[in-house]
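Visitor: Only the shape, not the letters, is given here:
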């Protein structure tokens, strides 16, 4: 006689309650673009840009530096830093909003480049909070038994969607990839995530048009015999609206993240916020009452805003330059397009491999 529904028991995954960051890696594109070069296409000065944003330079990817290639390089370095065999990697999560193809998505190609064709691999889109979302998903996969070692990549090629004649956005963004390896631990080194979104203000960061509209415009121009170029979708932003939202909401999320992690501001040794704006980051640190001894990430100065890549890139730079040490307790907060946010307290991983 067949079992009835009441007698069927469905197994649960056997995970681990503790997770940790084992290693970190980064890829920064070869080409560096200065404020002076940006000012060749907009009416501004390097001093004005730096005062407004805290940015001096940004990396801009060449055509051969793709979402997949940058992700793969960062992921390989993270695995080396973690000191694990790539064979134990069970999953790859690629956090990005700028991959040109939805099919195929990037993560399976990155997994293949790692020598791990066939494992779970998927892309995740949550704007500038993407890395925090990816880290949360990875830790929950490990805690639930869905994976044991997960590579999380934050990567963007923002330059593909920037109008370099737009004075509001042309100087802000850069390209690059940062990756971490998340694994099991006897003690827990990654706090529960505090995340959320505010769709009512979502249009503060948006595209000028969607890709369906763009294709329709191209088709219409061709049908009419017009030979003028159709303008592609570009990223546009209401900077004042985003700044006001971040200054109020994100500080609250930071405080809630500390509370959720069971950690006080006095116990934080490094602060790694999304590298959106130097002024916002300074204001948040002051609002939280962080000690002057706390190392505050300032990768934005030489890298710009790299959206989902900014937190792992900033973390890698702090560890590489000795501004923070492996094992220190850090507060990470990502925020931006969506509008979305994600905050976590983590213990910093091993230092990145030498270049």
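Guide: Received the coordinates, thanks. All values derive from a computational prediction rather than experimental measurement.
Visitor: Could you pull out the strands in the stretch 51-200 of the chain for me?
Guide: Along the stretch 51-200 of the chain, counting by DSSP state E, counting those that start in this stretch, strands occupy 57-60, 91-95, 120-124, 150-157, 175-184, 194-197.
Visitor: With mean pLDDT as extra columns, can I get those strands in JSON lines?
Guide: JSON lines is the format used below for those (pLDDT from 0 to 100):
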{"stretch": "strand 57-60", "mean pLDDT": "98"}
{"stretch": "strand 91-95", "mean pLDDT": "98"}
{"stretch": "strand 120-124", "mean pLDDT": "98"}
{"stretch": "strand 150-157", "mean pLDDT": "98"}
{"stretch": "strand 175-184", "mean pLDDT": "98"}
{"stretch": "strand 194-197", "mean pLDDT": "96"}
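Visitor: Next, format the ones you listed as CSV and append mean neighbour count and distance to residue 213.
Guide: No exception for glycine: its C-beta is placed from N, CA and C like everyone else's. Shown next, in CSV, are the strands of the stretch 51-200 of the chain (neighbours: other C-beta atoms under 10 Å; distance: least, C-beta to C-beta, whole Å):
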stretch, mean neighbour count, distance to residue 213
strand 57-60, 23, 26
strand 91-95, 29, 26
strand 120-124, 20, 23
strand 150-157, 31, 22
strand 175-184, 30, 25
strand 194-197, 19, 24
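Visitor: Nearest to residue 74, out of those strands?
Guide: Of all those, it is strand 175-184 that lies closest to residue 74, at 4.0 Å by C-beta to C-beta.
Visitor: how far is that closest one from where the chain is centred?
Guide: 9 Å (C-alpha atoms, centre = their mean, to the nearest Å).
Visitor: which ones are touching residue 14?
Guide: Listed by C-beta atoms under 8 Å, 6 or more residues apart in numbering, the contact partners of residue 14 are residue 145.
Visitor: So what does it look like in phi/psi?
Guide: Backbone torsions of residue 14, given as degrees, to the nearest 10, read phi -100, psi 100.
Visitor: can you pull the pLDDT of it?
Guide: pLDDT, residue 14: 84.
Visitor: any idea how far it lies from residue 148?
Guide: 10 Å (C-beta to C-beta, to the nearest Å).
Visitor: ok, now residue 53?
Guide: When distance is defined by C-beta to C-beta, residue 53 is 40 Å away from residue 148.
Visitor: These two: which has the busier surroundings?
Guide: The neighbour comparison of residue 53 against residue 148 (other C-beta atoms under 10 Å) goes to residue 53, with 22 against 16.
Visitor: so who does the closest residue in space to the more buried one that isn't next to it in sequence touch?
Guide: Counting by C-beta to C-beta, 6 or more residues apart in numbering, residue 53 lies nearest to residue 277, which is 5.6 Å off, once chain neighbours are set aside. Residue 277 makes contact with 53, 54, 243, 246, 300, 305, according to C-beta under 8 Å, 6+ apart.
Visitor: And residue 277, how close does it get to residue 242?
Guide: In terms of C-beta to C-beta, residue 277 sits 9 Å off from residue 242.
Visitor: got it, and residue 204?
Guide: 5 Å.
Visitor: what touches both of those two?
Guide: residue 339.
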